[in-house]
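Student: coordinates only, sequence not included:
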């Protein structure tokens, strides 16, 4: 299975990943990933805070507190700030990417538009996957839901086991009396 991640080679610190039009850019933030789409000449298009507050980390975090985001075209270095980023076209094996010129055209046509925002159904990852593949999806949301489900399952089993142990201890005490 081919990998579709290209990132900085740590031995060549000053170099950047080679970016191609329509690439998905995954920006590592504290506790989550912000997503953008590369549109050329160092610029990306992404969902950002709906008011005039610009900036790397504030953009995605503040969007979680609102129901609106704006489509912005900004330099990747501004969007990423000091955070690490990589090209991550992770669904190329599952979905056929649209032609790069079509991806860029669609992205740039949306710049300046206000979009609905929902952390679980209309976030920045949904946005860029829709542009690249024509499929709105967010693995962060899927992974979170799965993790919550597994955690709930483990807790339920743990509580059931604790209850069963309690019942057995009570029964054992009664039998001893």
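Tutor: All right, it came through fine. None of the values given here were measured: they were computed from a predicted structure.
Student: What is the neighbour count of residue 77?
Tutor: 14 (other Cβ atoms under 10 Å). C-beta: built from backbone N, CA, C; applies to glycine.
Student: For the residue nearest to it when sequence neighbours are not counted, which residues are in contact?
Tutor: Taking Cβ to Cβ, 6 or more residues apart in numbering, and ignoring the residues beside it in sequence, residue 77 has residue 42 as its nearest neighbour in space, at 7.0 Å. Contacts for residue 42 (Cβ atoms under 8 Å, 6 or more residues apart in numbering) come out as 75, 76, 77.
Student: Out of the residues you listed, list just those in helices.
Tutor: 76, 77 (DSSP state H).
Student: Could I get the buried residue list for stretch 116-128?
Tutor: 117, 119, 122, 123, 124, 125, 126, 127, 128 (16 or more other Cβ atoms under 10 Å).
Student: can these go into a markdown table with extra columns for secondary structure, distance to residue 82 and pLDDT?
Tutor: What follows is these, written out as a markdown table (DSSP: H, G, I helix; E, B strand; the rest coil; distance: Cβ to Cβ, whole Å; pLDDT from 0 to 100):
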| residue | secondary structure | distance to residue 82 | pLDDT |
| --- | --- | --- | --- |
| 117 | coil | 24 | 83 |
| 119 | coil | 24 | 68 |
| 122 | strand | 27 | 79 |
| 123 | coil | 22 | 88 |
| 124 | helix | 19 | 89 |
| 125 | helix | 21 | 91 |
| 126 | helix | 26 | 90 |
| 127 | helix | 23 | 93 |
| 128 | helix | 21 | 95 |
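Student: if we can go back for a sec, out of the contacts of residue 42, who's nearest residue 47?
Tutor: residue 76 (14.8 Å; Cβ to Cβ).
Student: For the closest residue to the closest one other than its chain neighbours, list the residues it contacts.
Tutor: Setting aside the residues directly before and after it, residue 76 is nearest to residue 44 in space (Cβ to Cβ, 6+ apart), at 4.9 Å. Counting by Cβ under 8 Å, 6+ apart, residue 44 makes contact with 25, 36, 37, 38, 73, 74, 75, 76, 79.
Student: Apply 7 Å and report the result again.
Tutor: Contact analysis of residue 44 by Cβ atoms under 7 Å, 6 or more residues apart in numbering lists 25, 36, 37, 38, 74, 76, 79.
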